[in-house]
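S.K.: Provide a 3D model corresponding to the input given below.
(2 chains)
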Amino acid sequence: MPDRTYPGPHNIHRTVLDNGIVILVYENFAAASVVVEGYLWAAALSEGRERAGLADYVAGMLMRGTKRRSFDEIYEELEAVGAGLDFSGGRHLSEFSAGGLAEDLDLLLDLLSDSLRNPTFPTQEMEQLRGEIMTGLQIRANDTRHMAGLRFRELLYNGHPYGYSTDGYPETIAAITREDLELFHARHYGPQGMTLTIVGAVKADEAIDRVEAALGDWRNEAWIAPPELAPVVRPNGKLEDYVAMPEKTQSDIVLGLPGPPRAVEDYLDASMANTILGVFGMMGRLGERVREEQGLAYYAYSRLQGGLGPSPWFVSTGVSPENVALATESILVEIERMRQEPVPEEELEDSKLYRTGSLPVGLETNDGLASIISDMELLDLGLDYLQRFPDLIEAITPQSVQAAAQKYLSTEEIAIVVAGPPLDGDPSLRSG
Amino acid sequence: MTLPIKKSELSNGLTVVSREMHHAPVASFWIWYRVGSRNEKPGQTGVSHWVEHMMFKGSPLFPPGTLDRTVSRLGGRFNAFTWIDFTAYYETMPSDHIGLSLDLEADRMVNAFMDEEAVNSERTVILSERHMYENQPTFLLHEELTSAAFRVHPYHHEVIGDEIDLETMTREDLRNYYQRHYAPNNAVVVVVGDFDSEEMLAQIEEHFGTIPPSEAVAPVLRQEPPQRGERRVTVTGPGDAAYLVHAYRAPAATDPDFYPLVLLNAAFAGGSSLGFFAGAGSNKSSRLYKALVAADLAASANGSLTPTIDPFLYRISAIARPGRTLAEIETALDEALSLLADEPIGQIELDKAVKRAKAQFVMASESVTGQGQMIGMSEMVAGDYGWFESTLEQLTAVTLEDVERVRIHYLRPENRTVGWYVPSANGSK
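M.R.: Predicted structure coming up:
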């Protein structure tokens, strides 16, 4: 590397404040900008199915009025300098992301701190946001890919906290009260384990001082940690469902299984299997077969998220209604091939080179850097993860990839959902 | 360390624009062709985009199925896009592998395979892509809206093309179009990143220098006549959400009115991304947001203006909240526009719009890919990378009088096409 080595323990500055906030700073003076990214342990897991969407609703309300600023004042200050700040509530964490010119870092940290600590949940703003969320849910209900994904999740994780949408449902969003929002914030927003990653044109010690000044005195003794996650039960057969969307032109198919969390020992083996199945080049083996050879679809890819829990390992494709059965069959054939045959050495080598070789491009921007550094902390990968990564990838073998595919994938015990116009020629998928 | 932009031209007419950036060991190689859906004739709509797809189907140096694998194996990212004004291909690579881009792009500039079987296999992929778009209400509305706004100019049709043309397009149509438009004198190479300019230029000369130029492509002459009154379209389709778009005829990128309109949009609607990589950010302090979203009429509202070769559209869009009608939103939008006449944009709003644009410009310039895109797009729509480089000076030079002048000239009801997407009563749930 001529100008910069990968971020590692030698140049990522890590500090833990007295209140538990972890600060990670990586200096990058290539451009006059700065990115602040982070998370805290306010989890949708704490809301429950009957209040689905609450964590994200709370996140959306943080910037709609605080003890120090009105909604208008917050956005006036932020937008006047061309900066951005966003919050979102996810299943395990609530996250935030901010960016702007480095000269505006103080403002970003002040707005971040004010939003996290002092939201007032004004009734008028709460109703306005409720209407926006409801519109978003209407748009979702009219989107084949989203609806296939939503029904797939419900079918696969039936009854488990992973089985509902953290964006919520019309009936749950309609029922959320101001007290729900306030209580969730009071119990689940706190500095305990909160992590903040800063990348950009700022000196590390200066950045740490500024975060400490903004957030160092935050305490929340009433904070409650997210609940333990129950184990996921894998399907013991083929679970199929169909979401009728009769006026649509094209159908979407989502199929898959619970995937391994990042912490398991064979995660990278599974992740490599996923790269080969539906990522490498133009959507891996799935793209090769379903798009290139059969010409059935514009997209056919697989994803394995590998976060804190058993997120789905799934395939997504969009095809004509008459090709649903054929495309599904082709995808299952490719999944079975991952299980039955060891990956040829050369094909594995290609994907290994891709995984290690693509790091420089992924690490070029402040956003890319902040994202991987934040993940190192969250997923306990170690600050030397990028230094170790090439060896971890090199250790993967055709046998370890096949073993992971056999362990986590299946063509018999799998959830398959189609959303779109009525299907021809496959009565098993007609009702739903 | 970012060095100045260099521009030169090979003897076969290929324009080369390069910029060294040494902040990271990466480089981004782009090739831009001066061809897009504006060059298409009825019966062959979608041909530019289809040719772009065929460029991934193999060439002598990169037999079918090897191109994507080769780029990925070397840790690169690649993509291509076809737009109304241009077609662009890029690879962003670890800098020691950027030579692959030169091999690849020089080869497929003239040697791309287009056999019958590959064309037919891609036909169903492209139809599937069109059907994916048709599943989106916003696509259905924009397709009708744009065709209503342009009766004569080929901006009339969508880049993806009309279904019937996608069904009937032949291998010969694609081949002829490719041979006519893919030539060094109709292309611009843009390369940004960690390399030595002199060495890079020598490499480019070696790879592209022997490719013969083609006959000059005929200019697009079918300019749109002036609009003589408001036009309206209504699209009915599935779903529950209703969409409104006001699309005003807008100036071309090189028109002196373009930057004042950028700032009018930034001040009124909050947008100012200029169509580049960096997003426009939030717009919650804008007049448009306050008039439509804060007033509980719309769930979102924004304005967008894209730099184009010929005059295109300035669009203001809104999505209705449940229980609100498009008529209510349209009335409120018209009131907000009238208010803009009574209380024109002031210096504070203008300064804020300029500062926002500057911040977004810095963030968009951060990556080699972002730089490559901005330089190439400037070359395509303005014929000059200087258009992008001088963006900040041009924005700073805009006066309140300029902003008011473009408001009066462009934001007139008779200069617009209004589009409604009305959810059908029996929409799917």
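S.K.: going by C-alpha atoms from here, please, whenever you check contacts or count neighbours.
M.R.: Fine.
S.K.: so which bits of the top helix by length along chain A are buried?
M.R.: With DSSP state H applied, the helix covering the greatest number of residues in chain A is identified as helix A:123-141. Judged by neighbour count (16 or more other Cα atoms under 10 Å in any protein chain shown), helix A:123-141 contains these buried residues: A:125-126, A:128-141.
S.K.: near chain B, list only the ones from these.
M.R.: A:128, A:131-132, A:134-135, A:138-139, A:141 (Cα under 8 Å from any Cα of the partner chain).
S.K.: for chain B, state which of these is nearest.
M.R.: Nearest to chain B among those is residue A:132, at 4.5 Å by Cα to the nearest Cα.
S.K.: up against chain A, what does the stretch 51-200 of chain B have?
M.R.: Within the stretch 51-200 of chain B, the residues that sit near chain A (Cα under 8 Å from any Cα) are B:65, B:68-77, B:92-94, B:121-126, B:128-129, B:131-132, B:134-136.
S.K.: and the strands in the stretch 151-300 of chain A?
M.R.: A:195-200, A:238-244, A:251-258, A:300-304 (DSSP state E, counting those that start in this stretch).
S.K.: picking up where we left off before, and the longest helix of chain A, what does it pack onto?
M.R.: Counting contacts by 3 or more Cα pairs under 8 Å, 6 or more residues apart in numbering or on different chains; DSSP states H and E, helix A:123-141 packs against helix A:54-61, helix A:144-156, helix A:170-175, strand B:298-305.
S.K.: can you rerun that using 10 Å?
M.R.: The helices and strands touching helix A:123-141, judged by 3 or more Cα pairs under 10 Å, 6 or more residues apart in numbering or on different chains; DSSP states H and E, are helix A:54-61, helix A:144-156, helix A:170-175, helix A:178-188, strand B:298-305, strand B:313-320.
S.K.: quick check: angle from that helix to strand B:313-320?
M.R.: Interaxial angle of helix A:123-141 relative to strand B:313-320 (axes from the mean of the first three to the mean of the last three Cα atoms, to 10 degrees): 100 degrees.
S.K.: what mean pLDDT would you report for helix A:123-141?
M.R.: Across helix A:123-141, pLDDT averages out at 96.
S.K.: so how far is it from its chain's centroid?
M.R.: Here the centre of helix A:123-141 is set off from its chain's centre by 22 Å, with Cα atoms, centre = their mean, to the nearest Å.
S.K.: tabulate the ones next to chain B among the buried residues of helix A:123-141 (a markdown table), appending distance to residue A:354.
M.R.: Output for those, formatted as a markdown table (distance: Cα to Cα, whole Å):
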| residue | distance to residue A:354 |
| --- | --- |
| A:128 | 46 |
| A:131 | 44 |
| A:132 | 41 |
| A:134 | 41 |
| A:135 | 40 |
| A:138 | 39 |
| A:139 | 36 |
| A:141 | 37 |
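S.K.: and the two most separated of the residues you listed?
M.R.: A:128 and A:141 (20.3 Å; Cα to Cα).
S.K.: in chain B, what helix or strand scores lowest on average pLDDT?
M.R.: helix B:347-364 (a mean of 86; mean pLDDT, DSSP states H and E).
S.K.: please name the residues that touch the spatially closest residue to residue A:356 that is not a sequence neighbour.
M.R.: Once flanking residues are discounted, residue A:356 sits nearest to residue A:390: 6.0 Å by Cα to Cα, 6 or more residues apart in numbering or on different chains. By Cα atoms under 10 Å, 6 or more residues apart in numbering or on different chains, residue A:390 lies in contact with A:352-353, A:355-357.
S.K.: how many residues are close by residue A:194?
M.R.: With neighbours defined by other Cα atoms under 10 Å in any protein chain shown, the count for residue A:194 comes to 22.
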